[in-house]
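Peer 1: Predicted model, plus sequence, below.
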Amino acid sequence: VSERLAMAERRSVPTTLALGLSTFLILFDVTAVVVAMPAIAKDVGLGVSGLAWVIDAYSLAFTGALLASGALADRFGHRRCMLAGNAVFLAASVACGMALSEPMLLAMRVVQGGGAAFMATGGTALVASAFPNVAERARAFGVMGVIAGVAMALGPTLGGFLAAWLGWRWIFFANIPFCLALALAVPLLVAETNDKGERRLDPVGIALLTISLGLAIDALLRRDGSLVLRAACLVGSTATAVLFIRQQWRSPRPVLDPRVFATSTMAGVAALLTALQFGYWAVLVYLPLFLSAALHVSMEGAGSALLAATLPMLLVPLIGGRLAMHWGWRRL
């Protein structure tokens with residue numbers, strides 16, 4: 001028994017790091033790209049709306065695929081789901097690095113976001129199964145949180161240096177060794193798990209939510225489009241969102257249960273997270289463009305400057321747990 005425990009403890013560190021690598025890749029490919037936006041725009045021929053779509057195409061596909069990946073992972077296996085997502089993410093990263101036009105780059109960002117969703121779902125489920133002990137699981141998720149903070153904090157800086165020294169395409173090519181390492185390490189360290197019959201795929205709900213978000217994004221980015229077209233997109237987005245909420249409310253097994261937000265606590269948390277995401281990501285996406293166009297800052301300089309906005313994502317969580325113990329979650 002002691003030998004098995006010692007072996008499990010020795011495997012816990014590489015297992016956590018291997019699963020955390022997927023989290024790093026998912027976030028790094030968002031934060032690293034923002035600094036290289038001016039170079040991408042010049043090379044591929046993107047306007048301001050096109051630059052926003054480089055981020056939004058990834059995020060929109062990630063959101064829609066995230067709703068599907070849970071049910072598929074339960075049915076076909078969490079490890080298989082993660083490795084499949086990793087393979088898709090790898091292929092899409094190579095294609096993004098080779099993109100010569102706006103349609104190709106945006107299409108591959110959609111594929112990349114879909115692969116990232118399967119990596120995220122499979123990775124989270126595998127952590128829960130690989131660490132059945134509650135304390136070990138908490139430590140594993142804590143380490144993954146730090147890894148996520150590293151990706152958020154250093155992504156713009158590393159992306160800036162990669163783009164300045166090797167070209168923006170190497171931001172995507174840099175994923176190759178990490179994806180290959182993930183493909184080799186996960187089968188060796190983590191056993192396959194599944195949970196058949198737990199969740200069902202809901203293609204209608206996924207389509208309604210994706211269409212609603214897509215129409216809203218398109219309307220907001222059509223600054224040169226007609227007012228009628230933009231209004232029609234916003235009306236269509238709102239109507240589709242209402243249909244999604246009704247469909248989910250009536251579903252016996254919703255993929256996103258609206259009742260969760262009926263309590264004041266969950267409504268408050270949702271509002272807080274939404275406000276943070278709006279404010280933080282808007283700054284993260286457009287600040288590099290401002291630094292480049294208005295202040296003529298180099299990509300390395302912009303990446304270093306963004307440390308002021310991203311480094312707290314790495315440092316604050318390290319003391320957040322201790323503060324929560326002293327202050328309580330509500331006061332924190």
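Peer 2: In hand now; what should we look at? Numbering: from 1, shown residues only.
Peer 1: which parts of stretch 89-98 are buried?
Peer 2: 89, 90, 92, 93, 94, 95, 96, 97 (16 or more other C-beta atoms under 10 Å). In this view, the C-beta of every residue, glycine as well, is placed from N, C-alpha and C.
Peer 1: Who are the contact partners of the fifth one?
Peer 2: Listed by C-beta atoms under 8 Å, 6 or more residues apart in numbering, the contact set of residue 94 reads 172, 173, 176.
Peer 1: For the buried residues of stretch 89-98, give me a markdown table that also has secondary structure and distance to residue 304.
Peer 2: Shown next, in a markdown table, are the buried residues of stretch 89-98 (DSSP: H, G, I helix; E, B strand; the rest coil; distance: C-beta to C-beta, whole Å):
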| residue | secondary structure | distance to residue 304 |
| --- | --- | --- |
| 89 | helix | 28 |
| 90 | helix | 29 |
| 92 | helix | 28 |
| 93 | helix | 25 |
| 94 | helix | 28 |
| 95 | helix | 29 |
| 96 | helix | 24 |
| 97 | helix | 24 |
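Peer 1: thinking again about what came up before, ok, and the most crowded of the contacts of residue 94?
Peer 2: Among the contacts of residue 94, residue 172 has the most neighbours (other C-beta atoms under 10 Å), with 25 neighbours.
Peer 1: Which residue is the nearest non-sequential neighbour of that one?
Peer 2: Once flanking residues are discounted, residue 172 sits nearest to residue 97: 3.8 Å by C-beta to C-beta, 6 or more residues apart in numbering.
Peer 1: can you check residue 281 too?
Peer 2: Residue 281 sits nearest to residue 55 (C-beta to C-beta, 6+ apart), 7.6 Å away.
Peer 1: Quick one, grab the pLDDT at that neighbour.
Peer 2: According to the prediction, residue 55 has pLDDT 86.
Peer 1: now residue 58
Peer 2: 92.
Peer 1: what's the next secondary structure element after the longest helix anywhere in the chain?
Peer 2: Longest helix in the chain by number of residues (criterion: DSSP state H): helix 2-35. The helix or strand immediately downstream of helix 2-35 is helix 37-40, counting by DSSP states H and E.
Peer 1: Quick one: mean pLDDT over that following helix.
Peer 2: 82.
Peer 1: I'd like the next helix or strand past it.
Peer 2: Defined by DSSP H and E, the subsequent element after helix 37-40 is helix 48-76.
Peer 1: List the buried residues in that following helix.
Peer 2: 49-75.
Peer 1: mind listing what residue 215 touches?
Peer 2: Residue 215 is in contact with 233, 234, 236, 237, 240, counting by C-beta under 8 Å, 6+ apart.
Peer 1: That one: what secondary structure?
Peer 2: Assigned by DSSP: H, G, I helix; E, B strand; the rest coil, the conformation of residue 215 is helix.
Peer 1: same check, this time on residue 99
Peer 2: Following three-state DSSP, the label given to residue 99 is coil.
Peer 1: Neighbours of the closest residue to it other than its chain neighbours, how many?
Peer 2: Using C-beta to C-beta, 6+ apart and skipping residues adjacent in sequence, the residue nearest residue 99 is residue 105, 3.8 Å away. Residue 105: 24 surrounding residues under other C-beta under 10 Å.
Peer 1: Distance of residue 105 relative to residue 250?
Peer 2: Separation of residue 105 from residue 250 (C-beta to C-beta, to the nearest Å) stands at 39 Å.
Peer 1: Could you do residue 77 as well?
Peer 2: Relative to residue 250, and taking C-beta to C-beta, residue 77 is found at 30 Å.
Peer 1: Looking only at neighbour counts, state which of these two leads.
Peer 2: Set side by side, residue 77 and residue 250 give different neighbour counts by other C-beta under 10 Å, the larger being at residue 77 (21 against 8).
Peer 1: Skip the chain neighbours and tell me the closest residue to residue 121.
Peer 2: Nearest non-adjacent residue to residue 121 (C-beta to C-beta, 6+ apart): residue 69, at 4.0 Å.
Peer 1: Please name the residues that touch that neighbour.
Peer 2: The contact partners of residue 69, by C-beta under 8 Å, 6+ apart, come to 81, 85, 117, 118, 120, 121, 122.
Peer 1: swap in residue 119?
Peer 2: Per C-beta under 8 Å, 6+ apart, neighbours of residue 119: 22, 25, 26, 82, 85, 86, 89.
Peer 1: Now do the buried residues in the stretch of helix or strand it belongs to.
Peer 2: Residue 119 belongs to helix 102-130 when assigned by DSSP H and E. Along helix 102-130, these residues count as buried under the neighbour rule (16+ other C-beta under 10 Å): 102, 105-127, 129-130.
Peer 1: likewise stretch 12-29?
Peer 2: By neighbour count, with 16+ other C-beta under 10 Å as the criterion, the buried positions of stretch 12-29 are 12, 15-29.
Peer 1: distance between the ends of stretch 219-234?
Peer 2: For stretch 219-234, the first and last residues are 6 Å from each other (C-alpha to C-alpha, to the nearest Å).
Peer 1: what distance separates that stretch from the middle of the whole chain?
Peer 2: 27 Å (C-alpha atoms, centre = their mean, to the nearest Å).
Peer 1: What of stretch 111-121?
Peer 2: Distance, centroid of stretch 111-121 to centroid of chain: 8 Å (C-alpha atoms, centre = their mean).
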